[in-house]
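Colleague: no sequence for this one, just the structure:
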């Protein structure tokens, strides 16, 4: 009797949990929408609604670029690894049943893993919308740096964008960086080294006297 009485109680809890999850999702969505709508009304009243829409558009565009730049290579890598796997002979029917159970999870993982990596990359890329807009709308300041002979606008608009771009994670460079570093170390030194090298390359492209200092980046 205890087993039969426990089953109805579990079944009665499932709709309650689903209802609570839906209500919580609706409440969160309402507060998010209220925040966005308040921003729209505020900027529209001040006459700067275009500024807000430009910010949102740049963030969405960078999110899509970062998402695709990370998710597509990861998905292709998983597909290639799965198709290149060694083929084993079937042992018995019991293992075949286990494989049939795991097969839907494998298909879900082949899409979920790239989506998760792409989500993190998209959020990281969208956070740099301000640097990207400054780089796209850069204008010369008219003042030359006496040390390198570069316009001051390079340090305000271009160099932060190059540093951010070189330090952002890439699926094709993460394995290379981890292979050149010991297993117990972090990839942060590689990212900082890439940022310094990108800055030196940018300076070398503008100032011929600095080309000799970029030899460390070729290693």
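Modeller: Perfect, thanks for sending it. Remember, it's a predicted structure, so these values are computed and weren't measured experimentally.

Colleague: same question for stretch 129-141, mean pLDDT?
Modeller: The pLDDT scores in stretch 129-141 average 85.

Colleague: show me where the chain has its helices.
Modeller: Assigned helices in the chain, in chain order: 2-46, 49-83, 93-126, 129-136, 152-153, 159-167, 171-180, 188-206 (criterion: DSSP state H).

Colleague: lowest average confidence across those helices, which one?
Modeller: Taking each of these in turn, the lowest mean pLDDT turns up on helix 171-180, with a mean of 45.

Colleague: separation between residue 109 and residue 40?
Modeller: Distance, residue 109 to residue 40, by Cβ to Cβ, to the nearest Å: 39 Å. Yep, even glycine has a C-beta here, placed from its N, CA and C like the rest.

Colleague: which of the helices of the chain is buried the deepest?
Modeller: Mean neighbour counts were taken over the helices of the chain using mean count of other Cβ atoms under 10 Å, and the top value, a mean of 18, falls to helix 159-167.

Colleague: who does residue 144 bridge with?
Modeller: Counting by DSSP bridges, residue 144 forms beta bridges with residue 151.

Colleague: what pLDDT is listed against it?
Modeller: The predicted local confidence for residue 144 comes out at a pLDDT of 82.

Colleague: over to the one 3 residues further on?
Modeller: Residue 147 carries a pLDDT value of 82.

Colleague: tell me how far residue 166 lies from residue 85.
Modeller: Here the distance between residue 166 and residue 85 works out to 35 Å (Cβ to Cβ).

Colleague: and the chain, what are its domains?
Modeller: Taking automatic domain parsing as the domain assignment, the ranges for the chain are 15-47, 62-126, 128-167+190-214.

Colleague: now those in a markdown table, with distance to residue 54?
Modeller: Converted to a markdown table, those look like this (distance: least, Cβ to Cβ, whole Å):
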| stretch | distance to residue 54 |
| --- | --- |
| domain 15-47 | 11 |
| domain 62-126 | 12 |
| domain 128-167+190-214 | 7 |
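
Colleague: of those, which is nearest residue 55?
Modeller: Ranking these by their distance to residue 55 (criterion: Cβ to Cβ) puts domain 128-167+190-214 first, at 6.4 Å.

Colleague: list of residues touching stretch 126-135?
Modeller: 54-55, 58-60, 62-63, 66, 156-158, 160-161, 164, 168 (Cβ atoms under 8 Å, 6 or more residues apart in numbering).

Colleague: returning to what we had before: determine which of the helices of the chain approaches residue 143 most closely.
Modeller: Distances from residue 143 to each of these were compared by Cβ to Cβ, and the smallest falls on helix 152-153, at 4.5 Å.

Colleague: quick one: end-to-end distance for stretch 121-130.
Modeller: In stretch 121-130, first residue to last residue: 17 Å (Cα to Cα, to the nearest Å).

Colleague: check stretch 140-154 too.
Modeller: 8 Å.

Colleague: can you pull the buried residues of that stretch?
Modeller: 150, 151, 153, 154 (16 or more other Cβ atoms under 10 Å).

Colleague: list the contacts of the third one.
Modeller: The neighbours of residue 153, taking Cβ under 8 Å, 6+ apart as the test, are 138, 139, 140, 141.

Colleague: now with 6 Å?
Modeller: With contact set as Cβ atoms under 6 Å, 6 or more residues apart in numbering, residue 153 has these partners: 138, 140, 141.

Colleague: chain neighbours aside, what residue packs nearest to it?
Modeller: Leaving out its chain neighbours, the residue that sits closest to residue 153 by Cβ to Cβ, 6 or more residues apart in numbering is residue 141, at 4.3 Å.
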